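Visitor: from the sequence below, what's the structure:
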Amino acid sequence: MKTYTLFCVFRATVPLDSYFQLSRTQATMSSNVLAGRSGNSSDETVVLSDSESDSSSSTEVEEDEEEPEGALEEALGPAVLRVSGSAQMAPPGDGSGEPEDHPDPGDTAAQQKKTTPIKRTNLAGPPLSLEEEESGDTCAICFEEWTNAGEHRLSALRCGHLFGYSCIQKWLKGQAGKCPQNVYLKSCTNKYSLDHVNSLEKEQMLRRKAELESAQSRLQLQVLTDECSKLRQQLQELKALMARHNTNSTQQPGNSRSCFPGCLSSSQGQHKYHFERAFLVSQVGSCRVMAYCDPLSCLVVSQPSPQNTLIPGCGIKMMSAVNLKSSQYVPIHSKQIRGLAFSNRADGLLLSAALDHTLKLTRQVQRMPPHPIPPAIVQELGLVGLTTNTVVQTYNTGRPIWSCCWCLDDTNYVYAGLVNGSVLVYDLRDTSSHVQELAPQKSRCPVVSLSYLPRMASASLPYGGLVSGTLEGACFWEQKTSNSYRPHYLLLEPGGCIDLQTEASTRHCLATFRPNRNHNCLRCVVMELTSTQLTDGVDDVICSCRPVQTLTAGPTCKLLTKNAIFQSPEDDGSILVCAGDEASNSAMLWDAGSGSLLQKLPADLPVLDVCHYEVNRNSFLATLTEKIVKIYKWQ
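Guide: Okay, here's the model as predicted:
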């Protein structure tokens, strides 16, 4: 390699005369250069040449430049060493210098050394690496082989890097004295860093794409889950219609049946509800109502603020129905919450009604089980508010609200039952006020319960509408259009009705009555909602209800409780009823068809609310006291 040939010339132990000889002028120059090298060897540029004529031409190139050399002089240094490639070469000039030796005219080897690249000399020195051997034959600027004479003769900078003289001369004039090797090294480093950054950006892009695909898949799964729930509901409706048809066709006149029409007597076998887990919701009590959200798989319970001095008011606590774990308290209202309801929408909107005269809509904090979509993905897909737990809408009714529910035929509408017996209809697209008031024509008692029956192909009641229950009676508000309702007053026992619940698929309702002078115990009356066409007129229809089963409990009922009526987990068309019994501090589970008591679920305090729900094809029953929620599983 030429890079080491230069230094090996000065380190070689073999006499230099065996390789080349110097003329007098060259010897004088060499002695001056070597003397200068003893002071600072880094200030020199070494130029290997065949003849003095070459050195003269190189000197003329340096001296004839009219512009200041600047960085070139600083890089090349003050001294130039010219080494002859042949011991027989005659000195240039006018011949005044007497040469020590005369070349042989026939010897052409010395002439060839002027134009041929410098060959490596086998001098004593350290072995060269493969990388040095590959990179030492050419100039690092033009990538051409340098020569030992002429414009492209071998030259070295202070840093020790070797280049062709003409290339390095042009380079240093334009690069402010920077060595090309250092510039290339920096460029390579920058290129490596740029490649690293590009690789990182590509990885981030792929990760973001994967998160987007995951979020979209979860949303698609949620949509399919909703469709599956609707299909399951339709299947249950068809089963109920088939059961009704079979019952009517096989029933003989005079044959008394304990099972009401449309429902079969439950064959329970060994299945029943088993205790699963209990949650302490509030140590001070005052819990009131519950609600279950099927899209989010979570149960919410109303409770007073655990830090009433810092955050007064009431709110909710969420509990996962999948892993049975509770989450943090969410403040919503300033006074006690009397109603909670979820729609069948997939966005997790919670409707809450309280005694502070407000009806509020709240988005839930996260999906249950907790696999939240990242906020960046939420923003990318436009799902604003999906991972926030904030009140998104508030309606002020001017009066205490005792109950609330959603319209299941059009989820843009919600209902609020007031203390004066009126029902206010709200359109979520109108944030100013209610769009309609359903005023009672008889009593002005508080609306203790509201539930909506969706339109469906039912032989008994094909119409959809709102069922409202007060302390003195009940009314079915048939929904004719989006803003038109027709009232049908249901004939119930006068006074003492504390709750009215419905079962949508079988069109049955459950009315709970307090003990009175005629009845000394709590009674749960199962009734079937029916419609009768009086004439051929479209509006000449009367909707009514008729009792089909009466279930009795203890002699005490001081609290306004909420009960449940639902289809049996056995999926045989039978109906179950669960209601709280204050006398025994328990929840009573009956078969509505036969009227038999199936189970008695114990509680430490009176049961205030009962909620039935399903998770992953498993049936659960939740009972609420003023402090504790107990979960039971059907198995």
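Visitor: just the strands in the stretch 201-350 of the chain please.
Guide: 273-280, 290-293, 298-304, 314-320, 326-333, 337-342, 349-354 (DSSP state E, counting those that start in this stretch).
Visitor: so for stretch 562-580, mean pLDDT?
Guide: Averaged across stretch 562-580, pLDDT comes to 92.
Visitor: ignore what I typed, I meant stretch 171-190.
Guide: On average, stretch 171-190 scores 67.
Visitor: identify the residues contacting stretch 609-616?
Guide: Contacts to stretch 609-616, defined as CB atoms under 8 Å, 6 or more residues apart in numbering, come from residues 288-292, 294, 297, 299, 321-322, 561-564, 566, 578-580, 587, 619-624. From N, CA and C alone the C-beta is placed, and that goes for glycine too.
Visitor: which helix in this protein has the most residues?
Guide: Taking DSSP state H as the criterion, the chain has its longest helix at helix 180-250.
Visitor: for that one, packing partners?
Guide: helix 375-381 (3 or more CB pairs under 8 Å, 6 or more residues apart in numbering; DSSP states H and E).
Visitor: among the contacts of stretch 609-616, name the buried ones.
Guide: 288-292, 294, 297, 299, 321, 561-564, 566, 578-580, 587, 619-624 (16 or more other CB atoms under 10 Å).
Visitor: output the below-cut-off pLDDT ranges for the stretch 351-500 of the chain.
Guide: Low-confidence regions of the stretch 351-500 of the chain, defined by pLDDT under 70, span residues 364-389.
Visitor: send me stretch 296-316 as PDB with only the CA atoms.
Guide: Extracted in PDB, the C-alpha atoms of stretch 296-316 (Å, rounded to 0.1, in the frame of the first residue of the first chain):
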ATOM      1  CA  LEU A 296     -69.800  -2.400  28.200                       C
ATOM      2  CA  SER A 297     -70.400  -5.600  30.400                       C
ATOM      3  CA  CYS A 298     -70.600  -3.500  33.500                       C
ATOM      4  CA  LEU A 299     -72.900  -2.900  36.400                       C
ATOM      5  CA  VAL A 300     -73.300   0.600  37.900                       C
ATOM      6  CA  VAL A 301     -74.700   1.300  41.300                       C
ATOM      7  CA  SER A 302     -75.700   4.700  42.700                       C
ATOM      8  CA  GLN A 303     -74.100   5.800  46.000                       C
ATOM      9  CA  PRO A 304     -73.300   9.000  48.000                       C
ATOM     10  CA  SER A 305     -69.900  10.600  47.700                       C
ATOM     11  CA  PRO A 306     -67.300   8.700  49.800                       C
ATOM     12  CA  GLN A 307     -65.600  12.200  50.400                       C
ATOM     13  CA  ASN A 308     -68.700  14.200  51.100                       C
ATOM     14  CA  THR A 309     -66.800  17.100  52.700                       C
ATOM     15  CA  LEU A 310     -64.600  17.500  49.700                       C
ATOM     16  CA  ILE A 311     -66.900  16.300  46.900                       C
ATOM     17  CA  PRO A 312     -70.500  16.500  48.100                       C
ATOM     18  CA  GLY A 313     -73.300  14.900  46.200                       C
ATOM     19  CA  CYS A 314     -74.000  11.500  44.700                       C
ATOM     20  CA  GLY A 315     -72.600   9.400  41.900                       C
ATOM     21  CA  ILE A 316     -72.100   5.900  40.700                       C
END
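Visitor: please begin residue numbering at 17 from this point
Guide: OK, 17 is where the count begins now, so the last one is stretch 312-332.
Visitor: pull out the buried residues from it.
Guide: Under the neighbour-count criterion of 16+ other CB under 10 Å, stretch 312-332 has 312-322, 329-332 buried.
Visitor: check stretch 574-591 too.
Guide: For stretch 574-591, a neighbour-count test (16+ other CB under 10 Å) marks 576-586, 588-591 as buried.
Visitor: please apply the same query to stretch 212-228.
Guide: Result for stretch 212-228 [16+ other CB under 10 Å]: no buried residues.
Visitor: ok, now stretch 251-259?
Guide: Q252, E253, K255, A256, L257, A259.
Visitor: pretty sure the fifth one contacts S476?
Guide: It stands for L257. No: contact between L257 and S476 fails when scored by CB atoms under 8 Å: they sit 9.9 Å apart.
Visitor: can you count the residues close to the nearest residue to H450 once chain neighbours are set aside?
Guide: In this structure, H450 finds its nearest non-sequential neighbour in L440, 4.1 Å apart by CB to CB, 6 or more residues apart in numbering. When neighbours are defined as other CB atoms under 10 Å, L440 has 24 of them.
Visitor: so who does L440 touch?
Guide: Taking CB under 8 Å, 6+ apart, one finds L375, T413, Y431, A432, L434, H450, Q452, E453, L454 in contact with L440.
Visitor: local confidence estimate at T263?
Guide: Model confidence at T263 (pLDDT) stands at 56.
Visitor: same question, F159
Guide: Predicted confidence (pLDDT) at F159: the value is 83.
Visitor: quick revisit: reformat the contacts of L440 as a markdown table; add neighbour count and distance to T163.
Guide: Listed next are the contacts of L440 as a markdown table, based on neighbours: other CB atoms under 10 Å; distance: CB to CB, whole Å:
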| residue | neighbour count | distance to T163 |
| --- | --- | --- |
| L375 | 23 | 96 |
| T413 | 20 | 101 |
| Y431 | 28 | 99 |
| A432 | 25 | 99 |
| L434 | 22 | 106 |
| H450 | 19 | 99 |
| Q452 | 16 | 102 |
| E453 | 10 | 105 |
| L454 | 18 | 106 |
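Visitor: just those residues: which are in strands?
Guide: Secondary structure assignment by DSSP state E places L375, Y431, A432, L434, Q452, E453, L454 of the contacts of L440 in strands.
Visitor: which of those residues lies closest to S498?
Guide: The closest of these to S498 turns out to be Q452 (CB to CB; 9.7 Å).
Visitor: tell me where the stretch 367-516 of the chain has strands.
Guide: 374-379, 407-412, 417-422, 429-434, 439-443, 452-454, 463-469, 481-486, 490-497, 500-506, 513-519.
Visitor: list every C-alpha atom in the first one, with coordinates, as PDB.
Guide: Right, the one you point to is strand 374-379. Extracted in PDB, the C-alpha atoms of strand 374-379 (Å, rounded to 0.1, in the frame of the first residue of the first chain):
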ATOM      1  CA  THR A 374     -81.600  17.200  36.700                       C
ATOM      2  CA  LEU A 375     -81.600  14.500  34.100                       C
ATOM      3  CA  LYS A 376     -78.000  13.800  32.900                       C
ATOM      4  CA  LEU A 377     -76.200  11.800  30.300                       C
ATOM      5  CA  THR A 378     -72.800  10.400  31.200                       C
ATOM      6  CA  ARG A 379     -70.300   8.500  29.000                       C
END
